[in-house]
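K.L.:
kindly generate the corresponding structure for this input.
(chains A, B and C, ligands or ions: 2)
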Amino acid sequence: MSLLLAQAAVNDANIHFDKLYSYRIPAELAGRVFPGSMVLVPFGRGSKARMAVVLAVGEVDESDAPKGLKTLYDAAPEDARLTPDLLELVRFLKERTFCTWFEAVKAVIPYGAQYRPAVVDGRHVMQGRLTRSTERLYTLAGALPEKPKPGPRQLAAVAALQNGPLTARQLDEVGISRATLDGLVKKGVLTAAEQDKAIDLFAAIPFDPQPLELSPEQQQVFNDLLPNLEDARPHAALLHGVTGSGKTIVFLRLIQRTLELGRRALVLVPEISLTPQMIRRLKSTFGSRLAVQHSALNNTERLLQWRMIQQGNADIVVGTRSAVFAPLQNLGLIIMDEEQEHTYQSESAPRFDAHDVAKKRAVMENALLLFASATPLTETYHAAESGKLQLVQLTHRYGGRPLPSVDFIDMRAELAAGNPREVSVRLARELQENLDNGEQSILLLNRRGYRTIGMCTTCGHVLKCPNCSVPLVYHKPQQALLCHHCGHTVHPLPQTCPECGGKISYSGFGTQRVEEELAELLPGARILRMDQDSTSRKDAHETMLAQFARHEYDILLGTQMVAKGLDFEKVTLVGVLGIDSLLFGQGFRAYESVFSLITQVVGRGGRAALPGRALIQTSVPDHPVLQLAAAQDYKGFYREEITFRRFSLYPPFCSFVVVGFIGDQEGAVFIAAQRFGALLGQHAAQKPNIPLRILGPAPMNITMLNNKFRYKLTLKCRNDAAFRALLHETLDAYDAEKLPQKASVILDFNSDGDL
DNA sequence: AGCACGCCGACT
DNA sequence: GTCGGCGTGCTC
Ligand SMILES: [Zn+2]
Ligand SMILES: [Zn+2]
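P.N.:
Numbering: from 1, shown residues only, chains lettered A, B, ... in the order given. Ligands and ions are numbered 1, 2, ... in the order given. Below you'll find the model as predicted:
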């Protein structure tokens, strides 16, 4: 007698017990379980229900069935099954990032398409239907009775619904409350139904194709890329184009050609705020067979967009990092815009780099992969220079607009001259001038440098989170101190130092601090603050930028590249504050990211109708990185940077891997890390041709997080199959010595210094 | 990671 | 005698 077995990997595993577990497939699930199926399994002592993914199905004889075999609880519907392509991407993620099977599965399927466990009549089953975001829809179903005499709200409701059903939200906006509506439902005048809440934010964009006319230089780039787009083999290229050189129009022509060839296109952008402009461009040019994938969509919106892609109803997909997994068939072109942005690297498991996944997909689909940037990653440019990528360049600014003038403001001199403020005298003066002339200004703050913390005025003690070794951050609205890592809250604000009893001062740095200074220096200026807090709503970003464009504000104060890719006619001044902490931050990418930021600020600056200027506040105005950025000299920067990378052994001359160790007791964590390093060295020595340097163990930047101690080893290596096999051997040896109970291991292949 | 099983101290 | 301390080991 034989029986059917499913090999499955469970949810919420970690690297130390993420393996394939065998389950019996019960008769009622026969024919419904295949590789890629999502199933519900009993797991652990208490046989608690967990989601799992099936990776293999097989038949074995009853006699050699594994001992202690359990039976699947349930399976998700067929439409939730991972396609062979998605399974291949799951395998790829696991192999390259050392994540668990299920972490990889969760990365390739949007949240809204993931089935969850449920309990029905005390039995563990898969939920019958995916959880959706819904809203209530009211429809007119009968006449309003004459008596009792209907109220004015009721009459208004019926009148509003005369032309068709409306949602609760739409009715609320015209002043008709839930109570009125539900009263009418009870009377039988209206019916209510739950419908999917999916706003098509872009429904209003008209199909209005403009001729795509290329400049001679743009045409040359297009011509150079075309053979590789039309070829049936995979290709990869880098489009290095200075800011304002019109990369987007080249994208549009390439997409147009891709569609003509009967193939599909994927466009990746680094952040959600850049999707609307890209969608607008694409939709007006190519029409509505376009789908979007990013994390600001709700469950339903994501699911609907994903289904649209899966069913072949989208020819173009636009999205952020995770859109690289969009299940487009017959993919001919992948564009990764602003490829230098760090947001293409995932910071939580699976810690993948979208560059690598995009390369993998281009190979799977025989597509052209195009990285585009004004300031490419040093690794990317090096790959292009050494012939691994095709290199095409746009060197002319479109429309011939001049670059803004760039000035550095020496903040040491500022302090010496007696100005303790965050805003320099010169910047304040120029802001005032802009205000007087009716022109607009943008101020960019580096987030890291701008947090307000509590510090003792007597002994200098900084108030820290009791669970994590990080300073607590002052939040004005709640009048509280918050830990940005674990959420620990201290309220009310401590006034005295726990160390010496001195007075605590909260006059540190911060967006709010700058805002206060500006209010004081420029009374009457209308300041728009854009940061994580103020832009959390889905369309807030767009709304605020539109307000700024209409000149409803004078100064835009942003913590990120808020104004990326946008042209504001009246912006003639851009100020950059807090760049020093970025410049001197740890991590081998520090210079690269500062160079990219300043280059973009300067490159954007000259886009207004009026001549522009950029003011950069720094304590090191002569720093070569700043000078090269001001001159828009990417190649000069690259030559310096590649020399540094070669000399100090950093990527692209090695792979940089951080191995993290996390556990309850500091000593044990350190010992485990040290032992891992020793094991790794021993195993490496037994193999030929494994270049490897092991640094550490050292405490991580954030030594304690959520009451757990964190140490790291830093590896400089060649990340090939042999090296990854070595890591697996080392992990096995680590497990065999029962070290996971001292510290669990996390691997990060795209860190630039810490986890 | 959870979670049970197990073998030693202080409590009725 | 037993209640519970968290050390140890397993998860199909
Ligand atoms: Zn003190
Ligand atoms: Zn904390």
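K.L.:
rest of the way, CA atoms for contacts and neighbours
P.N.:
Fine.
K.L.:
for residue A:584, what are phi and psi?
P.N.:
phi -100, psi 10 (degrees, to the nearest 10).
K.L.:
got it, and the one 3 residues further on?
P.N.:
Backbone geometry at residue A:587, expressed as degrees, to the nearest 10, gives phi 100, psi 140.
K.L.:
give me the neighbour count for it.
P.N.:
13 (other C-alpha atoms under 10 Å).
K.L.:
residue ranges with poor pLDDT in chain A?
P.N.:
A:198-201, A:400, A:447-451, A:507-512, A:531-539, A:560-567, A:605-611 (pLDDT under 70).
K.L.:
can you classify residue A:574 by secondary structure?
P.N.:
The assignment at residue A:574 comes out as strand when based on DSSP: H, G, I helix; E, B strand; the rest coil.
K.L.:
number of residues surrounding it?
P.N.:
25.
K.L.:
for it, what are its contacts?
P.N.:
Residue A:574 makes contacts with A:441, A:442, A:443, A:444, A:601, A:605, A:612, A:613, A:614, A:615, as judged by C-alpha atoms under 8 Å, 6 or more residues apart in numbering.
K.L.:
give the bridge partners for the third one, please.
P.N.:
Counting by DSSP bridges, residue A:443 forms beta bridges with residue A:557, residue A:575.
K.L.:
against residue A:518, how distant is it?
P.N.:
For residue A:443, the distance to residue A:518 (C-alpha to C-alpha, to the nearest Å) stands at 11 Å.
K.L.:
the last one too?
P.N.:
Computed with C-alpha to C-alpha, the distance linking residue A:615 and residue A:518 is 16 Å.
K.L.:
taking the contacts of residue A:574 together, which two end up most distant?
P.N.:
A:444 and A:612 (15.4 Å; C-alpha to C-alpha).
K.L.:
residue A:443 and residue A:518: which is more packed in?
P.N.:
residue A:443 (24 against 20).
K.L.:
if we can go back for a sec, pick the one among the contacts of residue A:574 closest to DNA strand B.
P.N.:
Nearest to DNA strand B among the contacts of residue A:574, counting by C-alpha to the nearest atom of the strand, is residue A:444 at 39.4 Å.
K.L.:
where does the most centrally placed residue in chain A land in three-state SS?
P.N.:
Ranked by distance to the mean C-alpha position of chain A (C-alpha atoms, centre = their mean), the top residue is residue A:343 at 4.8 Å. Of the three states, residue A:343 takes helix under three-state DSSP.
K.L.:
I'd like the distance from stretch A:416-436 to the chain centre, please.
P.N.:
With C-alpha atoms, centre = their mean, to the nearest Å as the basis, the distance from the averaged C-alpha position of stretch A:416-436 to the chain average is 35 Å.
K.L.:
okay, buried residues for that stretch please.
P.N.:
Buried residues in stretch A:416-436, counting neighbours by 16 or more other C-alpha atoms under 10 Å, are found at A:422, A:423, A:424, A:427, A:430, A:431, A:432, A:434, A:435.
K.L.:
with stretch A:144-156 instead?
P.N.:
For stretch A:144-156, by 16+ other C-alpha under 10 Å, it's A:144, A:154, A:156.
K.L.:
same question for stretch A:209-228.
P.N.:
A:215, A:218, A:220, A:221, A:222, A:225, A:226, A:228.
K.L.:
on that earlier part again, mind listing what the residue nearest to the centre of chain A touches?
P.N.:
Counting by C-alpha under 8 Å, 6+ apart, residue A:343 has contacts A:270, A:271, A:321.
K.L.:
what do you get for residue A:43?
P.N.:
A:49, A:50.
K.L.:
residues in a beta bridge with it, which ones?
P.N.:
residue A:48.
K.L.:
what about the residue of the stretch 351-500 of chain A at minimum distance from DNA strand C, which SS state?
P.N.:
When distances are taken as C-alpha to the nearest atom of the strand, the stretch 351-500 of chain A reaches nearest to DNA strand C at residue A:467, 18.7 Å away. On the three-state scheme (three-state DSSP), residue A:467 is labelled coil.
K.L.:
what's the burial count for it?
P.N.:
Residues near residue A:467, counting by other C-alpha under 10 Å: 17.
K.L.:
I figured it hits residue A:705, correct?
P.N.:
Yes - under the contact definition of C-alpha atoms under 8 Å, residue A:467 touches residue A:705, with a separation of 6.1 Å.
K.L.:
overlap in contacts, those two.
P.N.:
residue A:486.
K.L.:
let me know the distance separating the residue of chain A most remote from its centre from residue A:187.
P.N.:
Most distant residue from the mean C-alpha position of chain A: residue A:147, 57.6 Å away (C-alpha atoms, centre = their mean). Remark: distance between residue A:147 and residue A:187 (C-alpha to C-alpha) = 11 Å.
K.L.:
what of residue A:164?
P.N.:
From residue A:164 to residue A:187 the distance is 19 Å (C-alpha to C-alpha).
K.L.:
which of those two has more neighbours?
P.N.:
residue A:187 (14 against 9).
K.L.:
quick one: name the residues of chain A near ligand 1.
P.N.:
A:456, A:459, A:497, A:500, A:502 (C-alpha under 5 Å from the ion).
K.L.:
how about a cut-off of 6 Å?
P.N.:
A:456, A:458, A:459, A:460, A:461, A:497, A:499, A:500, A:501, A:502 (C-alpha under 6 Å from the ion).
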